[in-house]
Structures are given as C-alpha cells and as structure tokens.
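In: Predicted model follows, preceded by the sequence.
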Amino acid sequence: MSIKNNRLTSAEYQENFADIHPPFETRDAALTEANRCLFCYDPPCMKSCPTSINVPKFIKQIATDNLKGSAHTIFASNIMGAGCSKVCPVEKLCEGACVYNMMHEEPINIARLQRYSTEKAMDNKWQLFDRKPSKGKKVAIVGAGPAGLSCAHTLSREGIDVTIYEKEAKGGGLMTYGIAAYKVTPEFCEDEVNYIMSIGGIEIKYNQEFGKDVTLEHLQKNYDAVYMAFGVGMARQLDIPGEHLEGVEDAIKFIYELRDNDYSKIAVGDKVAVIGMGMTAIDAATQAKRLGASEVTLVYRRTQAEMPCTQKELDIAKLDGCKITWLASPKEILGNNGKVTQLVCDVMKLGEPDASGRRSPIASGETFTLDVDMVIKAAGQMPFQSLVNANNIENNNGKIAVNGKSAAKMAGVFAGGDCVNGGREVVDAVQAGKDGAAAILKHIISPDYIIESELKPTFNN
Amino acid sequence: MADISTDFLGIKSPNPFWLASAPPTDKLINVVRAFEAGWGGVVWKTLGSQVKNVSSRYSSVNYGGKRMMGFNNIELISDRPLDINLKEITQVVKMFPDRAMIVSLMADNDRKSWHDLIMKAEDAGAMGFELNFGCPHGMTERGMGAAVGQDPEIAKMVVEWVIEKATIPVITKLTPNVHSVVPTAQAAVQGGTSALSLINTIQSVTGIDLDTLVPNPYVAGQSVFGGYCGPAVKPIALKMLTTVAQDPIASRVPISGIGGVSTWKDAVEFMLLGATSVQVCTAAMNHGFRIVEDMCEGLNNWMDEKGFEKTTDFIGKSVEKITHWEDLDINYHHIAKIDQDKCIHCGLCYIACEDTSHQSINVERGNPYNNYTVKEEECVGCNLCKLVCPVDECITMEVHRVAPEYVNWKDWQREGRPLNDH
C-alpha cells in the first residue's frame, strides 16, 4: 500500500473528471422538458430556492424561445445561476419541491433547464444587465467567492464601484477550489467569473490575503463600505491519536490541490477512508476513487437517515464504487514509520435527539479496524477564528456576528456567506451577497434604497 | 363484440372510418396501404378540373410541445391524369370489394363537364360520389370548390346536374367558410343530394416566420390562405354538424362527419351528433394509417361497455341534448370541490379564478406548499378551476340546485324574477 500519483492514463483522467451533467443537446429536447412544467402559481420550486429564482417563468421563457429572457430571469435572482445549476443539491431544493413529486412523477429537470439557458447566455456572452450611472461610491469586498461576486454584481448594477481582494490567483471561491471537478470544470469556473465581471465596475485584486496583504483598517479608510465574504477554512480536526501521521489529509486541501493542478500530480492512497458524509466528504471520496484509489470507504457516525448529503450524492459515491460504513466514529489512526496503516473506529448506536433534532450517536463499546493508507477528514469546516479575532470582529466561535442579515458589528462593515453561516451551499452564499449589497446600499446611499430583488415578485401576488 | 360495420346508403364498410378526400387517398399505393391497415373506406382525392400545384403545400400550428395541433394546406385537387386515377380506382375496388370507395369530384362549372366526369367515375367502379363544394383555395378563384358551396343557389344547380346523371349515392361536401352551413345543406338536399358531409377546411393563416416575416406555408417569399384542419377545428366541425343534424330539411339525409377526427373518441362524438360515418385525414397524415387499429378497437370496447350492438344504436343520440340558451335550467347550480388528498398544490385553480373569474378560491400560504379551498358561497360553478387543474378528478363539481324545479330564461323573465343579482 502506498500513496502515489500518476495512477491512470491521461485518457482515464479525462474520462473520470469530465462534466457529469448531461446537457440538453437540442432545442427540441429542452422544449420537451420545458413543456412539462405546469407553471405553478406561487411556485414551491421558487420558494425552495434560497435566491428565489422564478423557475416557472424561466422555464416558460425557454418554451417560448425567449432564451435571453430566460437567462435574465435566472441571473437577475442568482448571478451564479449557471454554476448553481451544476452544484446545487436540487433534490432538496427546487426539484425536491416540484409538485410532480406529489403525483409520484419525475420532477421537472429544473437544473438541467437552467444549465440550458445559462450556458447559452455565457457562450454567446449576452450582456443582460446595464449598470446604472456611477453613484461615486466605492465598496471593498474580501473574497471573490459566490457571496463576494454576488454582492459585487448587485452593487455594480446599482452604479457602485467595487474592488474585490482575493487571496487566490483565481476567482470563484468554493466553486473553483472546493467542489468536485466533474461537477464544475475549472474552465467553466473561469468563464463564470469572467461573465459576472463583464458588467464592468468590478475589479478583482488577486493574491491579496486579508489580514496579511490587506488590512481591515486600510479598507475601512479607503472605501465607503467593506463586505467580508472570505468563507471558511480547513476541515474540522478529529482530535484523535494518530491525526499527525503522514497520509492524514484535509478534504478541503485535497480538493483544492486537485482543482489547482494537473490530475496526474495528485497523490492518492490505495485504500482510503473518508470521514464524514456531507457534500465535501462525497466529493473527496469520489475524486479519490476517480484518481485511481482501489478502495474508498466513507465512514459516518450516524445512519443514512441523518446524513447531510443528498441521496443523489450518495448514489454517485456508490456508483463510483465507494463503500459506506454507517455508525462508525474514528477512534485512533495507527501507523508504521510515521505513515498511516489503519483506522480504528468505534461502532456507534443512536441515542437521544441532539440540538439538530437528529439522534446523536453514542459509542457501543465495540470497535473495528480498517486497513488504510490514507485518511481524508471531511467532517465540517472550521471558520477563520484567529483571523476574525485578530481584526476585533465580533463573532460566534469564529463565525462573524451580524445585525439583521449582513451588518457586522462595526460601522460600515458588512459580512455574508460561509464566514457568517459557517458553511452552506453556494446558492446560500449568492443570496447572502444580494442581502449584503442591499444592506450596503441602504448604508451608503439611503435607508430607503431598494434593489430589484428585495421587491416581492409579482408572480406571487 | 359489437358490430361496428357501417351501411351508408347501401355503401357497406367494415367500420365507419373513411379516409377523407386528400393526399392520403390520391393513388393506388396509398389506398391499398390504407385498406391493408384496416380503413373502412376512402373518399378518393378529388378528380376533375385540370390543375398545377405549388411547393410548399402544408403548414401547421404547434402548441405546448405538441406538433400539428392544427394543420393547413394549399394543395389543389388531384394533379394526376384522370385516366390513371380511374384505372387505379377500378383495381382497388377489385382488390377490396368490401370497402367503401367514394370518389370526390369537382368538374368545371358546366353541366357537360359534370356529366362526363360522373360517367367515367361510375364506369371505374365508384360506389358513391362526394361533391367537393368546399376547397377554399386555388379552385375558388375559378368559381369552383367553396365558391359553389358558399352560394346555395349555385350549389343546388350543380347538385341537380349531378343527380340527373348519377346512378349511385351522391354526398355533397359542405364548406365551413360561411356564416352558417345550413342554407347550402338545405339547397343540396332540395337539389336531390343523397347525403351530406362536413366540414371541409377553414381558411387560415397558421403563422408567420419571425425571421423572414413571411407567413406559412412559404412559397417563394409569399403565402396564401390555406385550408385549416386537424384537432384544432374539431369543436367547430361538431357545432356545424349539429346545426345540420338539427335542421328539419338538411337532416333528411345521412351525414358523413369530418373535421379533426383523430381518435375513436372523436369519431364517437361526431356519430353522437348525427354522423353515420366519419372521415379522417390530418391524424393519418401525422401518424400513418396504423391509427385505425385503435379507432376500431376503442369504438368496439366503448360500444360493448355502453351496450350498443351496432353503430345505429347511438348515432345522433346527443343531437337533442344541444338546446337553446333560453331553454337551460337556471335552477341548476354546481360548486367546485377540491380533493385535498389529490391536490398537488400547483395553485393553477387559484390564480385562474382570482385573476380571471370569481375570486372563489381561498389560499392558505405555506412553505413551500399553499393549500387551496373553495369559497362555496362565491363559486358560480363556471368549471374554470376544474379545467386548469392538472390532476384528474381532483376538482369535481358538486350539484347544489338552487331550487328543485326546472326554470328557464323565458319563465324567469315572465315571472319577473331578479336579474343581475350576483
């Protein structure tokens, strides 16, 4: 057993990391699906979308050959509507709420239709939004991830000049660096950032790490407002013996390396254990398998009923050949010559419901051992607590504390996305960015300032 | 098993389904394929005057992802040599003696032309004629087709010429491009026609290409009105059929029903409103002749379920059920009811009623699903919610009579009962 790279041929890498989303190849195919949509009133799909995309409207617009209108409908609510159509857990959001489920029929393939119109818009570089005349105000944003870009685009539309400070060399944040490559390809992520930027009025300063290359004090002094959207950091520590051994990896780092390098350069073990059962755990497990690991086991301390990932994600892992071990909690990592050889787990059983309402796992007293040469930690991410504390930003265990939706407890400073909520979906971050922009406009322009997305959609009257 | 065979003025066919006079019946190869597939009869594509066709010839209306909901054509009558058509008719009659062979005719507008054509077609073996008084394009400009059907006097004159010569049944085909089909139907009956058929196609523009701005069908940058048919015209055809079936003069003769018949259900509806046979074209042009299989099987099963042994047991049964508005029972009232177990919370009933009808549906907001209930006291029983509901039998109309006795508009007015009181 060993951890090594270059396990596959380039053709195999290419196949394993190709986009898993089947597009609608033709207008006919898209229209067949679009025409199934019932065009619900006060639609459950729209209400289940954190960004409130008017789903029936954009689908109707596909059906009427108003593709530009369709893309505008999507992007007006969610400027990362293209990326979200690839990474959203739609089975628990829009598609999960589709009324066809009530008829025990396949829900409308909303994500696929959304890809159809947003890809057309991006491919054709349709400029669907005009900037309002400049209001002579400047806003600094920390982080060019979904929250930051969404906030920037919303502000730019309103005539605000935006500068984004990004610590990486590319924009997109989690979308670019934190999600399985077969869900969103690196090329797509770059195109998406460029498309968002094409409205103008947004500058991204890359390789600028907050707290190091640029300080909060500097931003407060030079801008009318600051929006912090720097996300969350590395995976939660397991706090068990052997965690320091060579071969224990952080899922975030693992995926980051994979997204930032040639696949053949990414080392992976023969036998890999992934700790956790969220989206990141699934992404780490499937990508380890697709990099050529012979055996990948997902280890989760609760049961399938409590898992945070969706059934669809679990199915992807199973189809990739990953094994699942339910009711197992890592107890100790054993090694030889400083390298991982085994993972010892407690066998768990479910006890009383915890704060999340889910039954909490308790050790049964039995243990078992997995032979592994790599352990990937994916049991949640840690906020940037020390960074937040160093800047005297009021926080809850590292998560920035806010008044209302976005106002940090510091004049002119706002925050949103994962750095506030501790880590949620891309689509939640996009909405946070819109909320942040709305709050900033009220602060720097007028308390009465209203942006389009704050208005109640006429669709629901 | 019910008997679905049809006797139309002595012309027998194993089922009431005939192919209408149109491209599917313009030559031996098609008609043989149709008879092999099981069609009861054909009306051979119109023979007569000399023509020259153009390209293209058809266009259609698609709706909600379904193609050819409506269809139109600018094709003329048969453009093949008359003697070849006649020879093929003879051959087909020999091959399929049990099927109805009606020949559609449209001669130039003089007695001799009609007489010559009738003799030739009878010699070829036609079992009946259908007079094309309905073609709405190309021939009308020359005083034929719909130009005849639109003028009862001319129609009667031509029918009389035909009857002078014909020894087999004559069906007069009516044009719908009139205010009412009844005057021409009456004139044809008075002129001696043995039967009527309706409707021919309706003049139409199916749409415009939004790039070139040229309407359809496209002919070298121009278009003309085409004859509209297909499922979209069925309700209009049924109405016109009813007016003929209810007219004391026109209804003296049997009727062959035409206009958007696609399924056995459509056919039964035409027959319930007085048609002895039905004619089909667009559905066959959309899907081929094989559709007749289900038409026969469906009709048979329905007749068995309803206890009808032969088609004449039910032909015309719905004619008397269509009455005048002033005879409707004002005391009849029904109210929508939403089955909460079946409701999928789409809200279509609510928004339709709220925006465009009587604001009779309550919405109780939920996340993500709203609940919808009927405000019984507001509901006028219009049916709109039931019509838009995508779930079968989710919304039903429950009868809540205002009073037990029948009262119509005439009584109501005579008795001075309240008006505009909603």
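Out: Received, thanks.
In: So which elements touch the lengthiest helix in chain A?
Out: Secondary structure assigned by DSSP state H gives helix A:426-444 as the longest helix of chain A. In terms of contacts (3 or more Cβ pairs under 8 Å, 6 or more residues apart in numbering or on different chains; DSSP states H and E), helix A:426-444 is packed against helix A:81-87, helix A:146-157, helix A:174-177, strand A:225-228, strand A:413-415, helix A:418-421. Just so you know, the C-beta spots here come from the backbone N, C-alpha and C atoms, and that holds for glycine as well.
In: and those, which is most packed in?
Out: Neighbour counts (mean count of other Cβ atoms under 10 Å in any protein chain shown) averaged over each of the helices and strands packed on helix A:426-444 peak at helix A:146-157, with a mean of 30.
In: now residue 361, which residues is it bridged with?
Out: As the question left the chain open, I've gone with chain A. Beta-bridge pairing for A:P361 (DSSP bridges): A:L350.
In: should've been chain B
Out: Under the criterion used (DSSP bridges), B:I361 bridges to B:V374.
In: how deep is A:I444 tucked in, by neighbour count?
Out: 18 (other Cβ atoms under 10 Å in any protein chain shown).
In: Would you check how far apart A:E313 and A:K60 are?
Out: 30 Å (Cβ to Cβ, to the nearest Å).
In: How about stretch B:174-186, which residues are buried there?
Out: Within stretch B:174-186, the residues that qualify as buried are B:174-178, B:181-186, counting by 16 or more other Cβ atoms under 10 Å in any protein chain shown.
In: Ok, stretch B:194-210 next?
Out: By neighbour count with 16+ other Cβ under 10 Å, stretch B:194-210 contains the buried residues B:194-204, B:206-207.
In: How about stretch A:389-404?
Out: Counting neighbours by 16+ other Cβ under 10 Å, one finds that the buried residues in stretch A:389-404 are A:391, A:393, A:395, A:398-400, A:402.
In: Tabulate those residues (CSV), appending distance to chain B.
Out: Converted to CSV, those look like this (distance: Cβ to the nearest Cβ, whole Å):
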residue, distance to chain B
A:N391, 37
A:I393, 32
A:N395, 30
A:G398, 30
A:K399, 25
A:I400, 27
A:V402, 23
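In: Can you tell me which of these end up in strands?
Out: Under the assignment DSSP state E, these contribute A:395, A:399-400, A:402 to strands.
In: Format those as JSON lines; extra columns: distance to A:C45 and pLDDT.
Out: Shown next, in JSON lines, are these (distance: Cβ to Cβ, whole Å; pLDDT from 0 to 100):
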{"residue": "A:N395", "distance to A:C45": "35", "pLDDT": "96"}
{"residue": "A:K399", "distance to A:C45": "29", "pLDDT": "96"}
{"residue": "A:I400", "distance to A:C45": "31", "pLDDT": "97"}
{"residue": "A:V402", "distance to A:C45": "28", "pLDDT": "96"}
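In: which among those gets closest to A:G292?
Out: A:K399 (37.1 Å; Cβ to Cβ).
In: roughly how far apart are that closest one and A:M410?
Out: Here A:K399 is placed at a distance of 15 Å from A:M410 (Cβ to Cβ).
In: What of B:S251?
Out: Per Cβ to Cβ, B:S251 is found 89 Å from A:M410.
In: And for B:P24?
Out: Counting by Cβ to Cβ, the gap from B:P24 to A:M410 is 79 Å.
In: out of the two, which sits in the busier spot?
Out: B:P24 (22 against 17).
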